[in-house]
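Participant: with the input below, show me the fold.
(2 chains, ligands or ions: 4)
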Amino acid sequence: MKKIAIDQFSELVKVLAERGPLYAPVKGKEGVNFQAIKNPADVTLDFYNTVLSPKSVFFPQSEDMIRYRITHGATEAQPVPQESRPAVILGVRPCDVRSFEIMDRHFLGAGVIDPYWKSKRDNTTVIGFAFDVSAAADPADFYNTFGYGAADPEGSDVFMVRTDKALLLKSMTDRGKKLLDSLGFLQVAGAQDEKVFEETVKKGKAVRTRSAEINPQVIAKKLVSVFDNGEFWQKVTMACIACGACTYGCPTCYCFDISDEMLFKEGSRKRFWDACTFTDFTLEASGHNPRPRIFQRYRQKVCHKYSYHVDKYGCISCVGCGRCTRVCPVNIDIFSIVDEANKL
Amino acid sequence: MENPYIPMPMNVVKITTEVDTNDIKTFRLTFVSKEDEEKFKYLPGQFGELSIYGKGESPIGIASSPTDPGYVEFTVQRTGTLVGGMVTTALHDLEEGAQIGLRGPLGNAWPIDFLAGKNVVVVGGGFAFTTLRSLINYMIHGENRKRFGDITVVYGARTPGLLLYKDEMAAWQKRKDMVMHVTVDRGDASWKGREGFVPTVCKDVAPSSKNAVTVICGPPIMIKFTLPVFFDLGFSRENILTSLEMRMKCGIGKCGRCNVGNKYVCKDGPVFSLAQLEQLPRDY
Ligand SMILES: Cc1cc2nc3c(=O)[nH]c(=O)nc-3n(C[C@H](O)[C@H](O)[C@H](O)COP(=O)(O)OP(=O)(O)OC[C@H]3O[C@@H](n4cnc5c(N)ncnc54)[C@H](O)[C@@H]3O)c2cc1C
Ligand code: SF4
Ligand code: SF4
Ligand code: FES
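Facilitator: Ligands and ions are numbered 1, 2, ... in the order given. Just a heads-up that it's a prediction; the model follows:
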């Protein structure tokens, strides 16, 4: 295990940012979010969790897939080259770290590999970051439901714990070890530090979020049987205005739109985050829309995460990060809805 | 790494206007690259994403049959009434000699091995006949014909001018190894064929359900009234097949657009049996 004094942290940030892309939490007008770091001083460790999830690092809100130029009759088109230098994402909360594996199952699974997700994911070392285990969890969070603790290092390449004066950095994978070994200026942590690290992980397990007994296989079947209970879905989604904020914030929502943008014969085919709660998500050219009503679309969202994803990939696609509840303008809370459905 | 989002370049070698309303055209495409052509192995029922840079992509069923090698055909309706659909309008504006893009083949296919040895009743309405045409051409091609039992086709359109593939239909009608029932909702002065809706014609024709499968594609309203006819004839849910339509983007099960329950129509479909559909939530 390695460590670095808190007042040296910007040194670490500087070196990482020089070597390749570094993504870390930055405080902006909209709150703290992951950004590509240009100025080391921008990075903050004083946040509960980012407003938007870290998925944007592997799956940007808008991403050019193909660039093209149309000249007389012919079209030259090239897939957008992917960053080849190794990248680092630093400061990912334990529940969010788990979202990457869930997204991997989709983007790398079912027989088709998404090259845009894969190249960034393969290229990036994940430095997880324990929540403050002496503080209470945000009331919206419910990651305990999935058995996650506030300081679980699993899934991270390097896991980072903050003490009064230092940041402890423990490698969890070979990739993480390689990274730490390459940072010669880090101090070697002592036995006392190891103890603090272990204690933090343990204390993290005692941090309580909302939690419910939700078995993936059981809830998957349950939701299928609740599907036709229109009364239930209308009641729980009555207030929803289909703004899509919950899906944009979500680390495990992966729906995207593909669209062309062209100006003066040059353009790109891009993908953008989309939201199954949007009115025209399933609107066909014929005018037919299988999910014209909000309750049908929100039901799709819940059933996708807690039923279809389980059938397809064996796990629930939600980590209980609480973002959807925090950002929703009308206080819709997926946890309560699933919990209620589970008890029907 | 293979990039499944990159279309293959295709030459538009032939454009046929199918209907008298001019809004349905068949595009014959050939491969610019020999390598792409060799890789493109498809079966009837699959679809492709037609791509026009600057406009976008549209999922379109493959209307040709792999038994006619060297090209692929797509029959496309120009969508939109006030504002034209982006891609389908751009396709309709093309001239022969143009170059477009194609991704595919995508999705599953009509289950040829399941159909083999059985009597096949093909029921189509309107311009949804495209992948059925592929299937018919596949089944009646040379040696293939022996693999299938009786082939009965019921095909309907609103007016005679809206019937697709007229020359081919005429040739099929002359064949002794298949039975054609072409119908229109409303005939005109020159129409000598059948008049009546597809479900009614199916009832009249009353194909036996013994060792038979029916493959049905058409507008939802046609399907709604045709299904009971086939139930009455004794067709089981497993032996009624159809092709689902959902809005699509990626066509490869990644963009999350086209799911019905735990199935992505673009990847697990578009072909489903009624038995499979009844397992899914009514969300299409
Ligand atoms: C499996 C499958 C097979 C199809 N086969 C045919 C065919 O053989 N012939 C034919 O004319 N049409 C077919 N369609 C419908 C055709 O895809 C749409 O009419 C077309 O995408 C409209 O595109 P647009 O850009 O002109 O319209 P716009 O309204 O501008 O659509 C914008 C985008 O939305 C998506 N979209 C809109 N409507 C549909 C839809 N109904 N289905 C799927 N995606 C849609 C497309 O990505 C499209 O590019 C098929 C659809 C599916 C799903
Ligand atoms: S659904 Fe809500 S709680 Fe679950 S992962 Fe997405 S944003 Fe977090
Ligand atoms: S649940 Fe809330 S955040 Fe999500 S679409 Fe509805 S109103 Fe918007
Ligand atoms: S069209 Fe993208 S998942 Fe089916």
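Participant: show me where chain A has strands.
Facilitator: In chain A, the strands defined using DSSP state E lie at A:2-5, A:22-28, A:31-36, A:62-70, A:75-79, A:87-92, A:124-129, A:158-162, A:166-171, A:187-188, A:256-263, A:266-273.
Participant: ranking those by mean pLDDT, which is last?
Facilitator: For the strands of chain A, mean pLDDT drops lowest on strand A:75-79, to a mean of 87.
Participant: which helices and strands does the longest strand anywhere in chain B pack with?
Facilitator: When every strand of chain B is counted residue by residue (DSSP E), the longest turns out to be strand B:8-17. Strand B:8-17 sits against strand B:24-31, strand B:99-106, with contacts defined as 3 or more CB pairs under 8 Å, 6 or more residues apart in numbering or on different chains; DSSP states H and E. The C-beta positions use only the backbone N, C-alpha and C, and glycine is treated the same way.
Participant: for the residue nearest to B:Cys255 when sequence neighbours are not counted, what are its contacts?
Facilitator: Residue nearest to B:Cys255 in three dimensions, not counting chain neighbours: B:Lys249, with 4.4 Å by CB to CB, 6 or more residues apart in numbering or on different chains. With contacts defined as CB atoms under 8 Å, 6 or more residues apart in numbering or on different chains, the neighbours of B:Lys249 are A:Phe256, A:Asp257, A:Ile258, B:Glu57, B:Cys255, B:Arg257, B:Cys258.
Participant: do that again at 6 Å, thanks
Facilitator: A:Ile258, B:Cys255, B:Arg257 (CB atoms under 6 Å, 6 or more residues apart in numbering or on different chains).
Participant: by contact count, what packs against the host helix or strand of B:Val123?
Facilitator: Element membership for B:Val123 (DSSP states H and E) is strand B:119-125. Taking 3 or more CB pairs under 6 Å, 6 or more residues apart in numbering or on different chains; DSSP states H and E as the contact definition, the neighbouring helices and strands of strand B:119-125 are strand B:151-157, strand B:212-217.
Participant: sorry, back to before: closest to B:Leu162 out of the strands of chain A?
Facilitator: Between B:Leu162 and these, the shortest separation by CB to CB is 31.0 Å, and it involves strand A:256-263.
Participant: now the closest one, how far from the centre of its chain.
Facilitator: Relative to the mean C-alpha coordinate of its chain, strand A:256-263 is positioned 24 Å out (CA atoms, centre = their mean, to the nearest Å).
Participant: what does chain B have sitting close to ligand 1?
Facilitator: Chain B comes close to ligand 1 at residues B:47, B:56-61, B:75-77, B:79-80, B:85-89, B:130, B:245-249, B:270, as judged by CB under 6 Å from any ligand atom.
Participant: quick one: A:Ser286 from A:Val224, how far?
Facilitator: With distances defined as CB to CB, to the nearest Å, the gap from A:Ser286 to A:Val224 amounts to 28 Å.
Participant: of those two, who's got more company?
Facilitator: Neighbours of A:Ser286 and A:Val224, each counted by other CB atoms under 10 Å in any protein chain shown, are more numerous for A:Val224; the result is 18 against 14.
Participant: name the nearest residue to the more buried one, sequence neighbours excluded.
Facilitator: A:Ser307 (6.0 Å).
Participant: how many residues are close by the one you found?
Facilitator: By other CB under 10 Å, the residues close to A:Ser307 number 26.
Participant: same thing with the one 5 residues further on?
Facilitator: Counted with other CB under 10 Å, the neighbours of A:Lys312 add up to 21.
Participant: please name the nearest non-neighbouring residue to it.
Facilitator: Spatially, and ignoring its direct neighbours in sequence, A:Lys312 is nearest to B:Asn262 (5.6 Å; CB to CB, 6+ apart).
Participant: for the nearest residue to A:Gly155 once chain neighbours are set aside, grab the count of nearby residues.
Facilitator: In space, A:Gly155 comes closest to A:Val97 once its chain neighbours are excluded; the distance is 4.1 Å by CB to CB, 6+ apart. Using other CB under 10 Å, A:Val97 has 26 other residues around it.
Participant: need the contact list for A:Val97.
Facilitator: If you count contacts by CB under 6 Å, 6+ apart, then A:Val97 has A:Gly128, A:Gly155, A:Ser156 around it.
Participant: neighbour-wise, which one of these leads?
Facilitator: Highest neighbour count within the contacts of A:Val97: A:Gly128, with 28 neighbours (other CB under 10 Å).
Participant: confirm for me that it is in contact with A:Phe159.
Facilitator: Yes - A contact is recorded between A:Gly128 and A:Phe159 when judged using CB atoms under 6 Å, the distance being 4.7 Å.
Participant: residues near residue 74, how many?
Facilitator: The chain I'm using is chain A. For A:Ala74, using other CB under 10 Å, the count is 9.
Participant: can you look at chain B instead?
Facilitator: Using other CB under 10 Å, B:Phe74 has 24 other residues around it.
Participant: do the one 10 residues further on as well
Facilitator: Around B:Gly84 there are 16 other residues, counting by other CB under 10 Å.
Participant: what's the closest non-adjacent residue to it?
Facilitator: Counting by CB to CB, 6+ apart, B:Arg78 is the residue found nearest to B:Gly84 once chain neighbours are left out, at 6.3 Å.
Participant: for A:Tyr68, give me its contacts.
Facilitator: Contacts for A:Tyr68 (CB under 6 Å, 6+ apart) come out as A:Thr75, A:Ala77, B:Tyr53.
Participant: can we see that at 7 Å?
Facilitator: Residues in contact with A:Tyr68, defined by CB atoms under 7 Å, 6 or more residues apart in numbering or on different chains, are A:Thr75, A:Glu76, A:Ala77, A:Gly267, B:Tyr53.
Participant: one more: B:Thr89?
Facilitator: Under the contact definition (CB under 7 Å, 6+ apart), the residues listed for B:Thr89 are B:Arg78, B:Gly80.
Participant: checking my notes, it in a strand, right?
Facilitator: No - B:Thr89: not assigned to a strand; according to DSSP: H, G, I helix; E, B strand; the rest coil it is helix.
Participant: lowest confidence element among the helices and strands of chain A?
Facilitator: Comparing every helix and strand of chain A by mean pLDDT, DSSP states H and E singles out strand A:75-79 as the least confident one, with a mean of 87.
Participant: for chain B, which segments count as helices?
Facilitator: Taking DSSP state H, the helices of chain B run over residues B:34-39, B:86-92, B:112-115, B:130-139, B:166-174, B:198-205, B:220-232, B:274-277.
Participant: and of these, who's closest to A:Ala220?
Facilitator: Across the helices of chain B (criterion: CB to CB), the nearest stretch is helix B:274-277, sitting at 17.9 Å.
Participant: quick one: contacts of that closest one?
Facilitator: Contacts of helix B:274-277 from elsewhere in the structure, counted by CB under 7 Å, 6+ apart, are B:Arg237, B:Glu238, B:Ile240, B:Thr242.
Participant: residue contacts, residue 213?
Facilitator: I went with chain A, as the question did not name one. Applying CB under 7 Å, 6+ apart as the definition, A:Glu213 turns out to have no contact partners.
Participant: other chain: chain B
Facilitator: If you count contacts by CB under 7 Å, 6+ apart, B:Val213 has them with B:Leu115, B:Lys118, B:Val120, B:Asn239, B:Leu241.
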